[in-house]
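**Q** I'd like to go over a predicted model; first the sequence, then the structure.
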Amino acid sequence: MELARRFQWLALTLPVVLAAGATLARPAPPGALGAGRLPDRACPASVASEAGSPAGKPAWYRLESVLDAGGTLTGQRLTVGRGTTRWSDVLPPESFATGPVGGRVVVGDDDGQRSRLRLLDTVRGCWTALGTEADVVRSAVLAPDGTRVYEHRVERGTRRDMGVWQRELGARADGSVSVLAALAPDTAYGPTYTTSLLAAEDGRVVVSACGERVCRTRVLDPSTGAVARTDGTGPAAGLAGDRLVALAACDGLPCTLEAVDLASGSTTLLGEADGPAVALPDGSGLVVLVDDGGLGVARAGTGAGEGAIPGTAGLAPVGVASTSRSGIETPRGCVAVAPGGVVADPSAVRFLDPAALQFTAGEVLP
């Protein structure tokens, strides 16, 4: 099975269909357009670049494909929530959402002529317009400190890769600049079908360009401009210090999970993964994966298994890359897990402390 088909398989098997029955009408905060509609008011310019996680319930989002009677994609339903507040609306077919970071969700949509980027503040119930581009912004992620956005673009018409761009928020905003050029075509890897972005807690950005079977992954350190590259793995699951955690280039699940040393290229096997995996972004080297019908924890530095979490059948880590279809703000030192790895019902999301091999009462952020 090709890597692209594996992405399809994962998307189709995740229980996003549960979301329709779980979504309830919730009261909207000031500034929202009626119950359930996305806010329409702009955030004050003074808060556009504010960072940090707000106190209270975690923000979350979910994207679901909207199909017509013939099975044609007609839109993407975006649902965003925080506490008892929930918004939902249908965006154009080529849309995405990522985050949340500091209670804010990056939202992008394309109408066939221009791509628009916005930031939805779930605390204040308002939008910050980040900009529009003539080229297609395929995905974007907000840096953990909340001060900048990284965007992956392709040329409109040709879909030629244009690399990764950085956009500053707030008073320093002055458009966007290219920070990582597109990869040159390589017949050994074939066409790139999926490019994912992942913003690590230490500021580095992981960019995985994946073809039919394998990915070429680069890790950018924006503070120095240094780029480390690893070819031949599957999709990236995150960084564990100086190691890239990624699935192997395999034909389907279960699939070997690897930790690749970015300097030497040496590989440590972390075990067989039956679903998504997420590397803890705090530098501990801990990785949460689906293993043997439940959740397991491995350490990237040694490859040794830390243990299995009993009673976790059906749960999987919630993705943190730009290709994820849902996300939730997670307490530091924890990994969010949910049925199928999707935030279909936020009340079903649990926060796992992999160091203690147990769940924590992290539904209220500090």
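**A** Cool, the structure landed.

**Q** at the geometric centre of the chain, which residue sits there?
**A** When C-alpha atoms, centre = their mean is applied to the chain, the residue found nearest the centroid is A321 (2.7 Å).

**Q** distance check, it against W87.
**A** A321 sits 23 Å away from W87, going by C-beta to C-beta, to the nearest Å. From N, CA and C alone the C-beta is placed, and that goes for glycine too.

**Q** need the helices for this protein, in chain order.
**A** 3-13, 18-22 (DSSP state H).

**Q** now do the longest one, average pLDDT.
**A** Put plainly, it is helix 3-13. Helix 3-13 comes out with an average pLDDT of 40.

**Q** for stretch 293-302, same thing?
**A** Stretch 293-302 comes out at a mean pLDDT of 86.

**Q** pull up the distance across that stretch, start to finish.
**A** End-to-end distance of stretch 293-302 (C-alpha to C-alpha, to the nearest Å): 23 Å.

**Q** cool, stretch 208-220 as well?
**A** 11 Å.

**Q** what comes up buried for it?
**A** S208, A209, C210, G211, R213, V214, C215, R216, T217, R218, V219, L220 (16 or more other C-beta atoms under 10 Å).

**Q** out of those residues, flag the one nearest to Q166.
**A** L220 (9.5 Å; C-beta to C-beta).

**Q** quick one: contacts for the closest residue to that closest one other than its chain neighbours?
**A** Nearest non-adjacent residue to L220, counting by C-beta to C-beta, 6 or more residues apart in numbering: V205, 4.6 Å away. By C-beta atoms under 8 Å, 6 or more residues apart in numbering, the contact list for V205 reads V141, Y150, V164, L180, L197, L198, A199, V219, L220, P222.

**Q** quickly note the distance from V205 to Y61.
**A** 20 Å.

**Q** picking that back up, so which of the contacts of V205 belong to strands?
**A** Within the contacts of V205, residues falling in strands by DSSP state E are V141, Y150, V164, L180, L197, L198, A199, V219, L220.

**Q** which phi and psi does the closest residue to the fifth one other than its chain neighbours have?
**A** The shortest distance from L197 to any residue other than its chain neighbours is 4.1 Å, reached at S322 (C-beta to C-beta, 6+ apart). Dihedral pair for S322: phi -70, psi -10, per degrees, to the nearest 10.
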